[in-house]
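*Asks:* below is the structure, and that's it, no one-letter string:
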């Protein structure tokens, strides 16, 4: 995930900004200070929400959406699951003196880093990125209208491709390591009440529509593969929690996971075949290529994140649904 | 027809397109491995060989004196991304593929290779290639992320006991990436571009940007030194490299940390260039790095001497060898000594790449054969595996820095540069490090060779040297010596787009 908008309009900080800053600090304190896992988890969830608001306030809608979906939604699912499955497990409390040393060293390091980075940020005479003009001039060649989608899938498509590969490997690793996971003595909450199943079935269609909207709005407005994929993953997690049979998805997990990256590379190789550089989209089919890749990447991101979630669960699925069986 | 084919093979078109292909085709092969885990070994081997084949036109073009460039998607920098290959890129590409092919052969033949290795190793290879041919700072960050994540995952394949070191490695790698990214952020806000050549141009033209350059460089260097385990940021390396599977430890020690070293050199010499020679901030920084390097050479070697198990010993030896690269850093700001010091650092890094991969592979071979890597339990193993122990001796020549090996060439160049700059203490550290290295390697070899085999009543079945795994170890031993003759070629390559 990257921040695309570096140049934020410098305006006077108001009361709202002060409140947001205080809220960030409070959320961090809730996440770090308590010793109970439940409290820490909720601190992180709160932090996700507050940081989303900060990004909105800074005018970066795309980053805010990504933060809401990933930092709030997905991380939330993971944290809540871990808290529910092992509320007490953790490091044995270290000696009090040692803890103090750690805290002091941590605070000193934090202050030094913050001061240095802050000083640099303020003293460097910020040059506006030299790519703002070329972006405007070359947007026509990309087949999309939204600047960020243009950057992600045309100008810097190579970075996006490698980032998607990073997620692919993270998901593949989660599936691999899952086979080594011991079964926990007591399976965490498996018996969802009927109200939760109900909620899952009502929420899922809404999440599906939101995800698709974010995907297709991405070519003209904020949104795109990463945000949409995260929302669709949330839908899968909600359905999984609601006890819906997802064996179809599990069977297609690996093909969906790699399709985006493979098709991206295949589309990229058309360039060298035609005597152009890698990842060159010809204007005639640029829109089709970008749209096709974005749809497949979204699917890959959704199941990739879902695989990371699955990797956390003990392997309690019937054998026909386990990942290694899927590939047969 | 043959003429057309040979013309195409020698064309600049093929060479520059290979810059993209050398990253994207291994990545495609990795995706196929994830899709079809049953075919992962054959797909993986093909992927590694394709990558090695694609690097040949790049090496050929650059050794003829040309700097290759590919403008991805036809979008010029600063908007788009340029891939570039110069002398520095090519020497690391050659190391990666020479060593990568041999380790792949070992992994394909070994019965202990864990499932899932090939997808991750191909992803790691794609990431290494991406870092070496990148002409863009953010893209370098993405490449480092790809290398880092796959490396962590490869450690975790070592089983439950490897998870904790793997997780620690993950935290360290991510922290290092973040510091690097903040440094890149400073560079963008100072120069307005992510392209390394363009940013270098702005830094050279505007002298008042020097403080920003030094701050960025400090952040980038600390971030990357976390990733390559410079003392005192080294503790994670010993745990992670020792816990990783036999085929993985060599890749981590030999190749993965080289990606971070490559970026450090790229940023210090090509991005900010010689214009920092007068800056007091940069001078302080190189002296701190030089001091840490000296501490690493001595401390790492002493710790290696104190180990009782083979793999941790080899891992501490890596910590010591990392020290040599930074020991020479103070010389980089001295106009008379910089060129020699740079060539020396590169030769040491390449020599370490080959020799350390060989040593880790030999350690893994012994551990897999005997079920333990405690030196005490491996006494007399040389009677049954003479060629493995001989290979340890050969790579030892490289690690100690005896002629003929790149380790010797590198130490010689650093020593000459140190004399030219009048920094005699560097010589003293080099000599002490050499003696200590000889000490810990003798500590490994002597029990293997001299003593009676005590570990088992009857030694386990020796698959010795008809087995491809043993041949892979021997190949690296031989390569350690053979590459010693390549010093001149490396120096000529480094002339292509040299920073001075």
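*Replies:* In hand now; what should we look at? Since the model is a prediction, treat every value here as computed from it, not as a measurement.
*Asks:* in terms of contact, does residue B:62 touch residue B:87 like I think?
*Replies:* Yes: if you go by Cβ atoms under 8 Å, residue B:62 and residue B:87 touch, sitting 6.3 Å apart. (Glycine included, C-beta is placed from N, CA and C.)
*Asks:* now the common contact residues for the two.
*Replies:* Shared contacts of residue B:62 and residue B:87 (Cβ atoms under 8 Å, 6 or more residues apart in numbering or on different chains): B:493, B:496.
*Asks:* residues in contact with residue B:400?
*Replies:* B:407, B:434, B:437, B:438, B:441.
*Asks:* check it and give its pLDDT.
*Replies:* Listed pLDDT for residue B:400 reads 94.
*Asks:* so what does the longest helix along chain A touch, helix or strand wise?
*Replies:* Longest helix in chain A by number of residues (criterion: DSSP state H): helix A:283-312. Applying 3 or more Cβ pairs under 8 Å, 6 or more residues apart in numbering or on different chains; DSSP states H and E, one finds that helix A:283-312 contacts helix A:75-85, helix A:157-178, helix A:194-217, helix A:225-241, helix A:253-273.
*Asks:* who are the contact partners of residue B:151?
*Replies:* B:124, B:169, B:173, B:251, B:252, B:256.
*Asks:* please apply the same query to residue A:228.
*Replies:* Contacts of residue A:228 by Cβ under 8 Å, 6+ apart are A:211, A:212, A:214, A:215, A:218, A:298, A:301, A:302.
*Asks:* got it, and residue A:278?
*Replies:* Counted by Cβ under 8 Å, 6+ apart, residue A:278 has contacts A:158, A:268, A:269, A:271, A:272, B:17, B:20, B:21, B:24, B:70, B:72, B:73.
*Asks:* can you name the residues that contact residue 61?
*Replies:* Using chain A here. So residue A:61 contacts A:55, A:222 (Cβ under 8 Å, 6+ apart).
*Asks:* wait, chain B
*Replies:* So residue B:61 contacts B:12, B:15, B:16, B:68, B:85 (Cβ under 8 Å, 6+ apart).
*Asks:* check which helix or strand the third one maps to.
*Replies:* Take DSSP states H and E as the rule and residue B:16 turns out to sit in helix B:12-35.
*Asks:* make TSV out of the helices and strands packed on helix A:283-312 and add distance to residue B:193 and mean pLDDT.
*Replies:* Formatted as TSV, the helices and strands packed on helix A:283-312 follow (distance: least, Cβ to Cβ, whole Å; pLDDT from 0 to 100):
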stretch	distance to residue B:193	mean pLDDT
helix A:75-85	33	81
helix A:157-178	15	93
helix A:194-217	30	87
helix A:225-241	25	89
helix A:253-273	24	93
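*Asks:* among these, which is nearest residue B:263?
*Replies:* Taking Cβ to Cβ, helix A:157-178 is the member of these nearest to residue B:263, at 15.2 Å.
*Asks:* relative to helix A:225-241, how tilted is the closest one?
*Replies:* 20 degrees (axes from the mean of the first three to the mean of the last three Cα atoms, to 10 degrees).
*Asks:* tilt between helix A:157-178 and helix A:253-273?
*Replies:* Using the same axes, to 10 degrees: helix A:157-178 against helix A:253-273 is 150 degrees.
*Asks:* residue B:381 contacts residue B:366, correct?
*Replies:* Yes: in this structure residue B:381 lies within contact range of residue B:366 using Cβ under 8 Å: 6.2 Å.
*Asks:* what touches both of the two?
*Replies:* Shared contacts of residue B:381 and residue B:366, defined by Cβ under 8 Å, 6+ apart, are found at residue B:388.
*Asks:* check the contacts of residue B:61 one by one and keep those near chain A.
*Replies:* Within the set of the contacts of residue B:61, contact with chain A (Cβ under 8 Å from any Cβ of the partner chain) is found for residue B:16.
*Asks:* give the buried subset of the contacts of residue A:228 as a PyMOL selection command.
*Replies:* With 16 or more other Cβ atoms under 10 Å in any protein chain shown as the criterion, this PyMOL line picks the buried residues out of the contacts of residue A:228:
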select buried, chain A and resi 211+214+215+218+298+301+302
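*Asks:* could you report the neighbour count for residue 156?
*Replies:* Answering for chain A, as no chain was given. 27 (other Cβ atoms under 10 Å in any protein chain shown).
*Asks:* try chain B instead
*Replies:* 29.
*Asks:* just give the nearest non-adjacent residue to it, would you?
*Replies:* residue B:166 (4.1 Å; Cβ to Cβ, 6 or more residues apart in numbering or on different chains).
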